[in-house]
Structures are given as C-alpha cells and as structure tokens.
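Engineer: sequence below, structure please.
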Amino acid sequence: MSITLDNARKLISAIEAFAATHSLKPLTSVVLDPGGHVIAAERQDGASNKRFEIAFGKANGALSLGVGSRALMARAEQQPYFIAAATSAIGGALVPVPGGVLVHDSTGVLQGAVGVSGDTSDNDEAAAVAGIRAVGLVPTVD
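Structural biologist: Here you go, the predicted structure:
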C-alpha cells in the first residue's frame, strides 16, 4: 500500500497552508512511496534551488533506515561513522536532520515518507506532520 497521488497532492497543500499560517520561508515538499519513488513534489516560489535534494534526502533517509530523520540526527550525533557509511550505501541521499517523516496508516502499515526543506529543520518537520495528519495518516518522527 502507498500514499495515493490524490492524497500526496492534498498533503502538500496542507504543508503549504501550515507554512502560510506560521509565516515559514518558502518550502519544498517531497512525498515518497514505501520504495522511495517520488509520488509528488512541489517547490514554493522563492525556495532555493537545491531544496528538492534536501527534502528528498530527509524522506529517503527515513525510509532507508526505518526511522524519522529526527532520530537519524540523534544517531548521527552518537554514531557519525554509521550515518556516513549509511549515506554512502544509499547513494548519498540521506539528510539526517528533522523534516523527514515516515507515514503510516491507522493500522501501522507504512505508506511512505514526506520530506520538507526550506525553513528551520524543526519547522520543516512540523509542516510535514501537519500535512500528514491533514489527510488522515499517521506521522512517525522518531
């Protein structure tokens, strides 16, 4: 099972609504299926040019290691060599800072991941969580 394209689009719209409500900087959002394939992505006007790669790396890292990117940051602080090796093993697409959130359905089945980049990492994560909840799915940040 995976996040549908329709839900991915609604999720991104909810992320952008959260960003507007909280006066965040322009965001880039990426929604991945459980296999790490892009379902949907959107870059707000004014977002810097490499935000897609960062948002993708947050979501992809979360999927690759099975924990949210906030947990990856904690692991990077404890085991930097492991995170460096894991980053290399998955082709460099692992960004271990908050903003990559796993997405589950109400029964706990993995549906994919969301990565957000553009503001502070904490705000990126908050926007991702809000978007996921807005479409009735369950965010996992750690």
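Engineer: excluding residues flanking it in the chain, which one is nearest Glu125?
Structural biologist: Take Glu125 and drop its neighbours on the chain: the residue closest to it by CB to CB, 6 or more residues apart in numbering is Pro98, 3.9 Å away. In short, each C-beta sits where N, CA and C put it, glycine included.
Engineer: and that neighbour, how many neighbours?
Structural biologist: The tally of other residues near Pro98 (other CB atoms under 10 Å) stands at 25.
Engineer: was I right to think it contacts Asp124?
Structural biologist: Yes. In this structure Pro98 lies within contact range of Asp124 using CB atoms under 8 Å: 6.4 Å.
Engineer: mutual contacts of these two, please.
Structural biologist: Shared contacts of Pro98 and Asp124, defined by CB atoms under 8 Å, 6 or more residues apart in numbering, comprise Lys58.
Engineer: what residues are up against the closest residue in space to Leu27 that isn't next to it in sequence?
Structural biologist: In space, and not counting its chain neighbours, Leu27 is closest to Gly118: 3.8 Å by CB to CB, 6+ apart. By CB under 8 Å, 6+ apart, the contact list for Gly118 reads Ala19, Leu24, Lys25, Pro26, Leu27, Thr28, Gln44, Ala47, Ser48, Arg51, Asp124.
Engineer: the second one - that's part of a helix, no?
Structural biologist: Translated: Leu24. No. Under DSSP: H, G, I helix; E, B strand; the rest coil, Leu24 falls outside any helix and is assigned coil.
Engineer: Glu16 touches Leu27, doesn't it?
Structural biologist: Yes. Between Glu16 and Leu27 there is a contact under CB under 8 Å: 6.9 Å.
Engineer: and the longest strand for the chain?
Structural biologist: Determined from DSSP state E, the single longest strand within the chain is strand 110-117.
Engineer: next secondary structure after it?
Structural biologist: helix 121-134 (DSSP states H and E).
Engineer: partner strands of the helix or strand just after that next one and their direction?
Structural biologist: Later in the chain than helix 121-134, the nearest helix or strand by DSSP H and E is strand 138-140. Applying DSSP bridges, strand 138-140 is found paired with strand 100-104 (antiparallel).
Engineer: I appreciate the help and will end here.
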